[in-house]
Structure formats: structure tokens, C-alpha cells
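Undergrad: quick one, structure for this:
(chains A and B)
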There are 2 protein chains.
Amino acid sequence: MNIGIIGVGTVGQGVVNLLDIEKKAIENRIGEKVNILWLCDVRDIDDRDKEWKFTTNYKDIIGDDKVDTVLELMGGNTTAFDITASVIESGKNLITANKHLLATRGEELFTLAHKNKVKIFFEAAVAGGIPSVSTLYEGLFPGGIKSIKGILNGTANYILTKMEEGLSYDKALSLAQNEGYAEADPTFDIKGIDTGHKISLISYLTWGVLTDFDSIPIEGMDSITLEDIEKAKKEGKRIKLLGEAVKEKDGISIRVAPAMVSEDDLLYNTSGAYNAIETEGTHLGKTLLYGQGAGMYPTASAVISDLYKVANSKAWKV
Amino acid sequence: MNIGIIGVGTVGQGVVNLLDIEKKAIENRIGEKVNILWLCDVRDIDDRDKEWKFTTNYKDIIGDDKVDTVLELMGGNTTAFDITASVIESGKNLITANKHLLATRGEELFTLAHKNKVKIFFEAAVAGGIPSVSTLYEGLFPGGIKSIKGILNGTANYILTKMEEGLSYDKALSLAQNEGYAEADPTFDIKGIDTGHKISLISYLTWGVLTDFDSIPIEGMDSITLEDIEKAKKEGKRIKLLGEAVKEKDGISIRVAPAMVSEDDLLYNTSGAYNAIETEGTHLGKTLLYGQGAGMYPTASAVISDLYKVANSKAWKV
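TA: As a prediction, this is how the structure comes out:
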């Protein structure tokens, strides 16, 4: 497998590192050699003495016939859209960690991929360290899933956890930023938008329908006060920012909002930067998937598990 | 896909039912029609007006060139060994829920499968309602997994949970039998043997080495008393029957034994007939998979998720 990586930030660097550190284990499981042919970024990266070449122009990668699989790890939904659309039209496999792109412009990209008979893989777009995409798509589908709820944003959950320990919202946010969990601009995290992107993609994987993103009611957790948290605590509960998707008779209903979670709920003990996804199925009862939602290596692991899917599956139709 | 099912007990009947109830969703996800051509069992099943034929002789199924995939759902490791070996030698895909068979005689079967270039799928053999096999094999492998521990036997866990509520061991066991969790002969469950089978298979999936089953130290939970449970409770702990596998410098170390689990442990809240598997990886941190470990439909769902793998993966080498 010959890959090109577009966007070498935290996750991209993690992928490069993991493919080096775990080379033997990864190639053994995937069943073939994995060669990085190109890295692309806006900032210069020194490629002397490296196996890969560096470019600032992504078209160098798409134009290289030797590249069969492109990893889009840059984020955003404007330039990233042009890039991923070009990748698909070139007939190469696309791996992306970009939930923002897929949740808002996925319909166009999935249609384009279908037309060009290529696949889009996005394990890293939903809850980095939890193999949620393969689990929902391959493992749980016969279970008749009726509803899904999840703690899907590590930053928001970290802030809520710190507030339970007594910190004010502002102090907890600063701490999240210092610890590297929250971006300089945490809007998407605290306003529930990132959670919305993820629950929308989870719903798409489960039921095959991508909901118009603008129609999803989204409430963030930035208005939660220490008083709210204390009040919940007195009732033996915790406040969590939840993404929820329910299969109704007439379609899929999705929402994002803070909710009270009681002690006997599976999501109660998901603290700090961890994520969890709970499903309930007619035939399967409850399942819970729990793990790190973000971070360099958890997310890079998810990207690499997509290399396995590229190599070994012919049916990723989504 | 044309399948034959050998062994139509609880799980086999569940598969037949689910392929009927969820036919559209299943075939849509798998990407092709799934036809049951044969059912085989020792007891007679009426096949009038059915799409499938019934036989008491499994060779009818193996000899039918139209059958491409055989589901062995009968259990045991003697007749089931002969049957599965014949399936493999016939060049058909094998799906089995039989952990006893694979943990004790898997080496022979996996070698035979490799020689015959066919695949053995066994999602239902480990923790029925949790897609643990695909998650470990496809999703978590780049994470550098160092250790795994799990609550893998629903019967043992149900009994321990009931003992926490004050029931004696004998009463809890009777209740488990009345509720349909425990077999008439619960030896494998309470003596830790079933847990041993499962942790051995999990270890094989993760690190590619099948440990000689007889070399695994196994201690059951049938000697746990109410006093032990009360003592643990006073320390804020619970007693759980754990299967553990650790990657050491010089190989894999596996054991089964009851252990004290504290409140902040992810496995603490896995109660009743539920199972959970916790992994810890160098690059991935902790993950937890939680769900129903047994039962007609959770296990049947796992079998059906293997049909997806048969259709769509070329690399199930194990």
C-alpha cells in the first residue's frame, strides 16, 4: 500500500510515528507493506534522508499514480472539501479524520465516492481511540439498534469533570487548554457542534441516512454553572454533554444537549477526556464502547485501523 | 451467500430467526442475498414449506457445492472437530461459536484453514453481544496492546452479583439455572474453564499466538463464600471472575482467577449476565467493551456479523 498524507499536524505526525514504531505489527496485520510516499503541509517539513517526499501542493500526491490511498488529516470543510473530492475523482481510496467535513458536506462526498467506485474510511472522525465506526458498521448491525447516546467530546467532558471537583467553568476551560485538550478556539467543543458532527456520523453509519446538519438541535455546555453541577450532585447525578440519536417511525431524530446522568447509567463514570458510546438494540440489549476520544496516538491508531479496512474490505459502501 | 447451519439449538434458532426478522437490514449491509440452504441437527426439524432442507447428516451440507459458508453452532470439541475440519477441507468458509473447540484444538484447525486457504470466523465465540473479535483484530491492533482483562462468563458473574445481594452460592446458582443463564452442568462456567477458553482466544487474536490450553492456570469462583464477598464490600470492592492476558518480554502470560475489583475500576459496574473486556495499550490508553455475553439474540447477532466478514474481507488469516 502506497500512501500520501495531507496535513501533518498532531494526528498526521502520530500516524508517521506509529507506522515507524509499530511497523512490523501493522504490516503483519494488514497483510502488505505500507509505504509513505508523500507528506503535504502548508509549513515546510525537511524530507532529506526520508523515505517520503515533501510537498506544499496536494496535487503532487493526487497526480502520483503510485499512490493508492490518501489520508486527509488537515480539518475544516472548505479546502479539505476540494482536496477530498479530487482524491475521490482520482480513483484513490480516501481516509479522513474530518468529522466537520463529513457531517456538513458528506452527502456530496459519499455520492461522489459511490459514482467513482471508491471508498471513504473515517474511523478517526468519531471518538479517536474507540473503534466505533467498525463496531457499529460491521459488528452491531444485526442487533436492530434503536437508539444511541454518547459522550463524544473530550474537552467538554473534561471541563464538566473539573467543575465537579469545584473549579469554575472559566478555570476548567483554561486548564483544558493548558493540558492540550481544548483548542485556542474551543467553540466547536463547548457549543456542542463537534458532538453534533460525531453523533450525526454515528447515525449515518448505523441507519444509512445522513441528517441535514443544520436541522439538528444543538445546545452546548457553556451555560452550565457550578450551581447546576452541585444540584445534580445532590440528586446523585452528573451533568454530561450528550449526543443522542433515536430511530423513530418516521425517521431519525438527533439532538445534542447537556443531560443529567444517574449513577446506574453506563455513561456516569466516563470522566475527563474519555468518550463513551452506548447503543440499545432490539436483539442485542445494551452495549458500551469506552476509550480515549482524542489525542495524538489514539487518533493515529484509528487512522491506521482504516488502512486495514482499505486492504481487506470490498464493501465499505458509505 | 448460501449457508448451511449445523446445530440448531438456542443460537442456531436465533440465527434463523434474525435472518428472517432483519432480512432487509442484514442483506443491505452485507451487500448480497443470504440464503439458508440446509439445517442439520440430531433431532428432527420439520422442513415442509421452508426455504431450507433438513438433514441429520452434516455430510449432506459439506457435499453440496452450492453451499459456500457453514455455521457450526453445536459445541463440544470431538464431533465438532471432525465437522469443522471437513468444512475447512471442503474449501468452504467456516463460522463457529465454539470457544471450547478453538481454545483446545484451534492450532490444528487454524493450520488446516491456512493450508486450504479458507477462513475461520468466530465473533460469537467470545462475549456474544460484544463485537470483541472484530474490535481487537481490526480496530485496536495499532494501539500496542500490552494487557487485557475481562469478565467473560455471564453465569459466574450473575452468581457473584446475586451473592452481593445476599444470596448463598447455592441459591444464586439455582437462580441462574432457573433464569436460563447456567447450563444443567455449570462446571465450565463456575470452574473458570469457559473464561479460560475466551481469554485464550482473545490473546490469540491480539498477539497471534495460541497458548497451550492445559498450561493456563485456572481458578474458578465456586469456592467464593458470602464472607469473602462481605469482606470485599467493606473495602469498597467487588469480587469478579477475571480472565487476564499480559504480553511479557518472553511471551504471553494468561490466567483465570477471582479478583478484588475496586470502585474506580472500569469492570466494577459490570453486573449480572453482562460481560466486559478492558484493554490497555501503549499508544491507546484504556478501552472498554461492554455488552451481553450470551443469550439467543446477542450471540446470533455476532454470528451474523461474521457473515459480513465472510463477504467483505480477504484477510482473516487467523
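Undergrad: mind listing the helices for the stretch 51-200 of chain A?
TA: Assigned by DSSP state H, counting those that start in this stretch, the stretch 51-200 of chain A shows helices spanning A:59-62, A:79-89, A:99-115, A:132-134, A:154-164, A:169-178, A:187-190, A:193-207.
Undergrad: buried stuff in the second one?
TA: To tie it back to what came earlier, the one meant is helix A:79-89. A:79, A:80, A:81, A:83, A:84, A:85, A:86, A:87, A:88 (16 or more other Cβ atoms under 10 Å in any protein chain shown). Any C-beta I mention is one placed from the backbone N, CA and C, and that applies to glycine too.
Undergrad: burial of the closest residue to the third one other than its chain neighbours, as a residue count?
TA: Counting by Cβ to Cβ, 6 or more residues apart in numbering or on different chains, the nearest residue to residue A:81 once its immediate chain neighbours are dropped is residue A:105, at 5.4 Å. Close neighbours of residue A:105, defined as other Cβ atoms under 10 Å in any protein chain shown, add up to 19.
Undergrad: cool, and residue A:223?
TA: Residue A:223 has 10 nearby residues by other Cβ under 10 Å.
Undergrad: part of a helix, is it?
TA: No: applying DSSP: H, G, I helix; E, B strand; the rest coil, one finds residue A:223 to be coil, outside a helix.
Undergrad: pick out the shakiest of the helices of the stretch 51-200 of chain A, pLDDT-wise.
TA: When the helices of the stretch 51-200 of chain A are ranked by mean pLDDT, helix A:132-134 comes last with a mean of 90.
Undergrad: quick check: which of the helices of the stretch 51-200 of chain A is buried the most?
TA: helix A:132-134 (a mean of 27; mean count of other Cβ atoms under 10 Å in any protein chain shown).
Undergrad: what helices and strands are in contact with that helix?
TA: The helices and strands touching helix A:132-134, judged by 3 or more Cβ pairs under 8 Å, 6 or more residues apart in numbering or on different chains; DSSP states H and E, are helix A:296-312.
Undergrad: who touches the worst-scoring helix or strand of chain A on mean pLDDT?
TA: Least confident element among the helices and strands of chain A, by mean pLDDT, DSSP states H and E: helix A:132-134 (a mean of 90). Residues from elsewhere that reach helix A:132-134, judged by Cβ atoms under 8 Å, 6 or more residues apart in numbering or on different chains: A:121-123, A:125-126, A:202, A:205, A:277, A:289, A:302, A:305, A:309, B:134-135, B:138-139.
Undergrad: so what's the residue count around residue A:225?
TA: Residues lying near residue A:225 (other Cβ under 10 Å) number 12.
Undergrad: can I assume it is in contact with residue A:160?
TA: No: contact between residue A:225 and residue A:160 fails when scored by Cβ atoms under 8 Å: they sit 11.5 Å apart.
Undergrad: tell me how far residue A:194 lies from chain B.
TA: 20 Å (Cβ to the nearest Cβ, to the nearest Å).
Undergrad: so what's that residue closest to, chain neighbours aside?
TA: Per Cβ to Cβ, 6+ apart, closest to residue A:194 is residue A:188, 4.3 Å.
Undergrad: OK, contacts around the one you found?
TA: Neighbour list for residue A:188: A:100, A:194, A:197 [criterion: Cβ under 8 Å, 6+ apart].
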